[in-house]
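Undergrad: Please work out how this folds:
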Amino acid sequence: RTATSTATRTETYPTEWEAYYWATFNAWWDATQDALAKATAEASAAAKEIARADAQAQVDEANKPKTFTATQTVEQTASVTETVVIDGYTGYGTAEATATATATRTETYPTEWEAYYWATFNAWYDAVQKAVAAAQELARPIAKERAEADARAQIEEANKPKEYTATMTVEQTVTVNRSWAIGDILGRGTATVTKSATVTYTATAPTEWEAKYWAETTATEQATAQAHEEARAQASAEALELAKIDAQAQVDAEAEDGSPATDACGPEILKEDGTAWNCTFVDDFRGTSLDRSKWVPQLTSNSGFQHAAECFVDNADTIAVASGSLRLSTVRRETPFTCKSPGGNYNSNYVAGQVSSTGKFAQAYGRFEFRAKMTNVSKKGLHAAMWLWPQDESIYGGRPHSGEIDVAEIFSMYPDRAVPMLHYDAPLGGEDGTGRTNHNCLINPAQWNTYTAEWTTTGITISYNGQRCLTHTWNPDAPLSGSQPFDQPFFLVMTQTIGSGDNAIDPEDPPAGTTLAVDYVRAWS
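TA: The predicted structure is shown next:
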């Protein structure tokens, strides 16, 4: 503070200048002391007021609420369950997702630690809520998709075809009449056989009762067919034996009168050494259906067999017996169809017929004869064959190692001849009738011809209508020797199909088809 003061002093001294000096000095001194006292008093009051205000300010600051700002980042994993209803089926789906979120909170509290605590806690809580919400948002569509899939799976399961397995036993009684011809003599036999068969079948249908119905119905049908077939086969065999006995009895009775000797194959045939061939197999196709106790139809659907692009099937168009002959046919379909095969399905325009005696009759060595004719065809593309095939290929290996005897092959591109062929590991030789084939055996395949093979341990002779076409001596490549691989039973095969190679069908002029008619097949030992 600053203060002003005035003082007056009168001094008496011996001299004027002393009186002046001390009066002036003392007056100044008095004024100074008085001004200093006034200024000090005013400054002290002001300072005290300032100190009081400072102390109050400190009190006010100490009592003022504290503020703190906190930021928290949190990662949260959330699980969501959704439901979806489709066609009355409720599906449930659960999904889990993880998300990260950040939150900031500012809080004011009486103390600093309270402001810090609540700002930090509330920022963490807000971040958790945001992260959970974000994770749920991510998981929800996944859960919904799973719920929809669950509902559709329930629908699919509900609509899934039901399975039922039934086992049915059926008994069948069959009576068969058979005949057996020895030359002009006809023997007759009748046999009745009862067989039962049990079949288990599993059916699949939209509903359980349908599956049960079809399982029981199909099992019954199959058991009936099986029992009937077994009874028929046995009755047929028994009736045939009775017919043979009857025919032989008639032959024996006539033989007493000096009639020529005959057997089941007809009049006795002598070998080159003068002894008689013994009849072992004969089918004169006198009935109205294929005798399945002797023949097995070849089917592409179960064997995969095909010569070219035909489909071997068993129906009245391809395999039939009528007018005293077996009729194997190749038929062209105008619309291509799918031929089922274990080796892979394929498209074809032709169905064809083939039968064999596999599992029914097979023989090593002997005399084998076919009497047949093929419908006259003036264009290439059709093929017929009468041949023998090994019963067990495992002995020497797959074709040609185990051998094949083609007694006669007929190619529609060569309408004036038939061709024999022996397939095995040996030199081909010439085509003069001493090698493994001969392309110069001229006949008319459209007429009835007799195709004969006489097979011995040393070789084979093939004749057409009694004229030798091929005479071959076994000459296998090492390590085979002697009559190998032709030292094992072969079964009979007859085929009518389409051609291949040079005899393949001309797509611009395809044949409609043809039929191989077989009057009889016979074998002797």
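
Undergrad: Check residue 1 and give its pLDDT.
TA: Residue 1 carries a pLDDT value of 78.

Undergrad: same thing with residue 258?
TA: 55.

Undergrad: I'd like to know how far the nearest residue to residue 292 once chain neighbours are set aside sits from residue 92.
TA: With sequence-adjacent residues excluded and distances taken as CB to CB, 6 or more residues apart in numbering, residue 292 is closest to residue 233, at 7.6 Å. Placement of C-beta: from N, CA and C, glycine included. Separation of residue 233 from residue 92 (CB to CB, to the nearest Å): 60 Å.

Undergrad: following the helix or strand hosting the residue nearest to residue 292, which helix or strand shows up next?
TA: Assessed by DSSP states H and E, residue 233 sits inside helix 208-255. Once helix 208-255 ends, the next helix or strand along the chain (criterion: DSSP H and E) is strand 262-263.

Undergrad: Residue 212: what's it in contact with?
TA: 164, 166, 203 (CB atoms under 8 Å, 6 or more residues apart in numbering).

Undergrad: And those, which of them are buried?
TA: For these, a burial check counting by 16 or more other CB atoms under 10 Å picks out 164, 166, 203.

Undergrad: Redo those as TSV? Include distance to residue 491, secondary structure and pLDDT.
TA: Formatted as TSV, those follow (distance: CB to CB, whole Å; DSSP: H, G, I helix; E, B strand; the rest coil; pLDDT from 0 to 100):
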residue	distance to residue 491	secondary structure	pLDDT
164	40	strand	93
166	37	strand	93
203	36	strand	91
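
Undergrad: wait, residue 31 sits on residue 9?
TA: No - using CB atoms under 8 Å, residue 31 is not in contact with residue 9, being 9.4 Å away.

Undergrad: Alpha carbons only: can I get stretch 508-517 in PDB?
TA: Presented in PDB, the C-alpha positions along stretch 508-517 are these (Å, rounded to 0.1, in the frame of the first residue of the first chain):
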ATOM      1  CA  GLU A 508     -26.300 -94.800 -93.800                       C
ATOM      2  CA  ASP A 509     -28.000 -98.100 -94.400                       C
ATOM      3  CA  PRO A 510     -28.500-100.000 -91.200                       C
ATOM      4  CA  PRO A 511     -30.100-103.500 -91.300                       C
ATOM      5  CA  ALA A 512     -33.500-104.000 -89.600                       C
ATOM      6  CA  GLY A 513     -32.300-107.300 -88.100                       C
ATOM      7  CA  THR A 514     -32.200-111.000 -88.700                       C
ATOM      8  CA  THR A 515     -32.900-114.400 -87.000                       C
ATOM      9  CA  LEU A 516     -30.700-117.400 -86.500                       C
ATOM     10  CA  ALA A 517     -33.000-120.500 -86.500                       C
END
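
Undergrad: List the buried residues for it?
TA: 511, 513-517.

Undergrad: for stretch 411-428, same thing?
TA: 411-415, 417-426.

Undergrad: Grab the two from the residues you listed that are most spread out in space.
TA: 415 and 425 (32.3 Å; CB to CB).

Undergrad: tell me the contacts of the closest residue to residue 457 other than its chain neighbours?
TA: Counting by CB to CB, 6+ apart, residue 457 lies nearest to residue 483, which is 4.8 Å off, once chain neighbours are set aside. Residues in contact with residue 483 (CB under 8 Å, 6+ apart) are 456-458, 474.

Undergrad: Then residue 366?
TA: Per CB under 8 Å, 6+ apart, neighbours of residue 366: 277, 280, 454-455, 523-525.

Undergrad: What is the neighbour count of residue 134?
TA: 17 (other CB atoms under 10 Å).

Undergrad: looking at this, it is in a strand?
TA: No - counting by DSSP: H, G, I helix; E, B strand; the rest coil, residue 134 is not found in a strand; it is helix.

Undergrad: my guess is it meets residue 98, correct?
TA: No - the criterion here is CB under 8 Å, and residue 134 misses it with residue 98 at 9.3 Å.

Undergrad: Which residue ranges of the protein form helices?
TA: 16-62, 112-159, 208-255, 300-303 (DSSP state H).

Undergrad: which secondary structure elements does the second one contact?
TA: Same thing as helix 112-159. Secondary-structure packing of helix 112-159 (3 or more CB pairs under 8 Å, 6 or more residues apart in numbering; DSSP states H and E): strand 66-86, strand 89-109.
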